[in-house]
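K.L.:
show me how the following folds:
(one chain, ligands or ions: 1)
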Amino acid sequence: MTEENWLYQESTSKPDIADVFREYDEYRRRKGYLARVCMSFSCTLQSRTQSSITYPDVAKQVMKSKRIQATLDTCARQDCPKEATTFSLDNEEEFEDPKQLPEKLAFHMKRANHLLSKMKAGISLSLLKLTSWVLHRVLRYFLSTVQVHKGQMEMVQKAAESSHPLIFLPHHRSHLDYVVVTFILYNYGIKVPHVAAGDNLMIPVFGSFMRGLGGYFIRRKLDKVEGKKDLLYRAVLHTYMQELLRAGQNMEFFIEGGRTRSGKAAAPKGGLLSVVIDSYMDGLLEDAYIIPVSINYEKILDGTFFIREQMGEQKIKETFWGALKAVWRVLMSHYGNIRVDFAQPFSLKEYLQSAQYTNMEARKENLESRRNSFSRARRSSGKLRPSGSLTSLYGTDVVVEDQRQTVKDLAQHVVYTFVNSSTIMCTTMLAFLLVTKHRKGARLEELVQSFEWLKEEITFRGRDVGFVGRAPTVIQYAADVLGDNVVKKYSVPADDSLAGSEDSIGTELMYFEPVTCLPDVFELRYYASGAISVFLMESIIATTVYGVASDDLDIRHISTTDVFVSHDEVMEKAQRLCALLQYEFLFVPPCTSLGTELSSAMDKLITYEILREEESSLHSAYTDSREMQWAKRFASSLKMQEYSSDEEEEEEVAFKKLQVLLDEPDCYNRFNFLLTVLAPYIESYWIVVQSLTRLLKEDMPENEFLGTIHQIALDRVEDGVAEFAESVSMECLKNAIKALQSIKVLEIYYDTKTVEFTKTVSLCDKYREEERLNDFIDFIEDCRM
Ligand SMILES: CCCCCCCCCCCCCCCC(=O)SCCNC(=O)CCNC(=O)[C@H](O)C(C)(C)COP(=O)(O)OP(=O)(O)OC[C@H]1O[C@@H](n2cnc3c(N)ncnc32)[C@H](O)[C@@H]1OP(=O)(O)O
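P.N.:
Got it, this is the predicted structure:
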């Protein structure tokens, strides 16, 4: 048996994991020859067949809907010479030339029909059957298994038995994502979803297939002209989705709005999700089940498209020939195993109700009154009304901020769930170890030790790993799957200085070395990113402790020096670090407080004996005057004076301090490991904040600023001074600018003095003082390894 086959057998030997290919084969084998031939095309894994499921065309209902009628009226009136102030159709006398109205109405009606026909899906059962049959054969060319968790599939099937639509929200990594999700659902006898596809995918032949398999096409930017809402387009999309939901159709969309370029989840978009929430608010939908999905690959199929973009190059446009070439490349390669995780389905209704209790009372009242007012409106006269929405995509006015937050919260909850419930594949584990613990490379024995340690850490934190088997075999397999451009694998004689093990002189040792130079390092980092979420919060605390104690802490070797940091300073600065990295990671779900999560991460570091907590009073706690001053400032910011009016008492307030213990190898290694998890990001952010001093002299066009910092990052790598080559990541630099804007260090405005109203970056007033800006830069500088 070859090594690969062995691993294939092993990886599906977990009792709760099913391989869709193998289940299909066994099912067909059990059925006998005749049945096998007859059911060749229609075979699904479950007794419930797809033939009993219907996929109605809702186009007629869309065009007849009140929302579309009212929007047509609005658009027609907007085009007429004199604007009307009301949406009612019976106000024609207000126009200079009432004859124009029907003409304009007809024009917009034609446009609405055109938009809808370009958008809508047309699911064909025969095409689904044929595609499933083809996929069962073709996918095996380049995949070993498509694994699902049996318990999860049972939960999804149970949810599908209810009368409510299922909303699948997957993490978007590859073009194979939607194929695999529909393929699995089809095979498990679940109604396949309608999937929102960006209109860039409307390419000849492929586009038509996609429609027949559930794809409907949406613009990736709703409004063609910036600042002007395309009301008709929004209304068509909104109504189309609502009618699908009303008809009980399942849905799927990629809430991040595109494939991840870094391997991490991107900030979610709220447009399509707002329609689902709006449908519930409108009373059109009694309930729906939300199902976050994560699709985990051993090797990503989409090649290295993201490397170009991380290096600052333009995205390549999707074309027919490009798609054909990609299919051919995929068929000629091997991509190992895929594991698809469906998180526990949750009821939208229950989520919104519990959000009402946990979130602000005000939001609750808004939602309630909104729902009630809509029900009243529907019961009242049959007159046309604009049906403008307050929570959603189609708002005739501005979406209320409070309602927008409800949608954002749900979107973040979904992203948090799919990131934190994803299975960690063996390639991710190997890449993660190679960018953190073994950046300079390691012998197989060393990697085996680290691999087993990492597996234990992952499973201890309640996450699953996507393989079974002995670590040495898994590591070698993972290195082969990742390929030579990511991990170099070679043999070295045991007496080589690299090997260094005395008892193995004369034999050969396997040595693994990550490729850490540009641009290939982005591929390595891409895979490694999948494991960051496991250690994220602990890494934030470790990085902050290091930042706070940087003057006294030398992490180059084990040290027995007593180093103390203030507990509250660490907590406060950790929150600031999270705010700075807000576009890189989602630290906590919206229903949880960041402070609580940081505290429990700190408790973990205390348990590992990296930190020791000590209680002490303010006046004796710190010999260092900087910390003393900080502690006093912090005390006053906590409004201690409310409890103690005189200075004497304030001085006696107990403060927690933390001793940093790096005298044991285990603690020292873990602390260093935690620092390396975030270190490349810190380096990118440091490059950006350092460059802020340029803005002290004058504001800069945003593109020029971004270009300058990208060039600085590239030069640092070329000059050999960059610690991490991946710090040049364009996505990271852009995220840093967005975060600085969000925490009000930077502001971006349109320069009206230029002809094209150039987007310009400038420092916020507070940071125009050099001293203040330097303080801020120092904070990031201190966190750098
Ligand atoms: C067996 C067989 C197997 C084979 C099987 C094959 C399957 C064959 C299927 C093919 C399937 C392909 C699938 C490809 C996969 C992709 O193409 S992924 C890319 C396309 N998908 C997406 O982007 C989905 C997520 N994106 C969104 O939801 C975005 O919001 C939209 C709808 C695209 C719009 O984006 P945008 O124009 O950038 O605007 P955005 O700022 O998000 O907001 C738009 C409006 O939404 C509303 N909105 C936004 N956020 C909020 C909020 N938080 N609260 C309330 N309202 C909000 C507002 O009205 C807002 O307008 P404003 O009031 O701000 O003016």
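K.L.:
mind naming the longest helix for the protein?
P.N.:
For the chain, the helix with the greatest residue count under DSSP state H is helix 665-691.
K.L.:
in that helix, what's buried?
P.N.:
Within helix 665-691, the residues scored as buried using 16 or more other C-beta atoms under 10 Å are 667-668, 670-689, 691. For glycine as for every other residue, the C-beta is placed from the backbone atoms N, C-alpha and C.
K.L.:
show me how far that helix is from its chain's centre.
P.N.:
In terms of C-alpha atoms, centre = their mean, to the nearest Å, the centre of helix 665-691 is found 22 Å from the chain centre.
K.L.:
do you know the pLDDT at the residue in the stretch 251-400 of the chain positioned nearest to the ligand?
P.N.:
Distance from the ligand to each residue of the stretch 251-400 of the chain (C-beta to the nearest ligand atom) is smallest for G271, at 2.3 Å. Turning to G271, the model gives it a pLDDT of 94.
K.L.:
so where is the stretch 251-400 of the chain shaky, pLDDT-wise?
P.N.:
303-305, 356-392, 395-400 (pLDDT under 70).
K.L.:
could I get the full set of helices for it?
P.N.:
271-281, 305-310, 320-331, 348-358, 361-379 (DSSP state H, counting those that start in this stretch).
K.L.:
name the surrounding residues that touch the second one.
P.N.:
Read that as helix 305-310. For helix 305-310, the surrounding residues in contact (C-beta atoms under 8 Å, 6 or more residues apart in numbering) are 259-262, 314-316, 519-520, 522-523, 526, 728-731.
K.L.:
quick check: residues of the stretch 201-350 of the chain near the ligand?
P.N.:
201, 210, 213-215, 218, 220-222, 229, 253-255, 257-258, 269-272, 274 (C-beta under 6 Å from any ligand atom).
K.L.:
mind listing which of those are in strands?
P.N.:
If you go by DSSP state E, those have 215, 218 in strands.
K.L.:
which among the residues of the stretch 201-350 of the chain next to the ligand end up buried?
P.N.:
201, 210, 213-215, 218, 253-255, 257, 269-272, 274.
K.L.:
need the contact list for K455.
P.N.:
429, 465, 471.
K.L.:
assign a three-state SS to it, would you?
P.N.:
Using DSSP: H, G, I helix; E, B strand; the rest coil, the structure places K455 in helix.
K.L.:
would you mind measuring from it to I610?
P.N.:
Note on K455: its distance to I610, by C-beta to C-beta, to the nearest Å, is 21 Å.
K.L.:
same check on P701?
P.N.:
Taking C-beta to C-beta, one finds P701 at 45 Å from I610.
K.L.:
who has more neighbours, those two?
P.N.:
I610 (25 against 15; other C-beta atoms under 10 Å).
K.L.:
picking up where we left off before, next step: the contacts of K455 restricted to strands.
P.N.:
Per DSSP E, the contacts of K455 never map to strands.
K.L.:
which one of those has the most neighbours?
P.N.:
The contacts of K455, ranked by neighbours (other C-beta under 10 Å): first place M429, 26 neighbours.
K.L.:
low pLDDT regions in this structure?
P.N.:
1-13, 32-51, 81-98, 303-305, 356-392, 395-400, 495-507, 560, 615-655.
K.L.:
check contacts around the most centrally placed residue in it.
P.N.:
With the centre of the chain defined as its mean C-alpha position, the nearest residue by C-alpha atoms, centre = their mean is A265, 1.9 Å away. Taking C-beta under 8 Å, 6+ apart, we find A265 in contact with 171, 256, 415, 418-419, 586.
K.L.:
now it: phi and psi?
P.N.:
Dihedral pair for A265: phi -70, psi 140, per degrees, to the nearest 10.
K.L.:
gap between it and F254?
P.N.:
Taken as C-beta to C-beta, the span from A265 to F254 is 11 Å.
K.L.:
which strands border the longest strand belonging to the chain, and is each parallel or antiparallel?
P.N.:
In the chain, assigned by DSSP E, the strand with the most residues is strand 289-297. Strand 289-297 sits in its sheet next to strand 166-170 (parallel), strand 337-342 (antiparallel), strand 346-347 (antiparallel), going by DSSP bridges.
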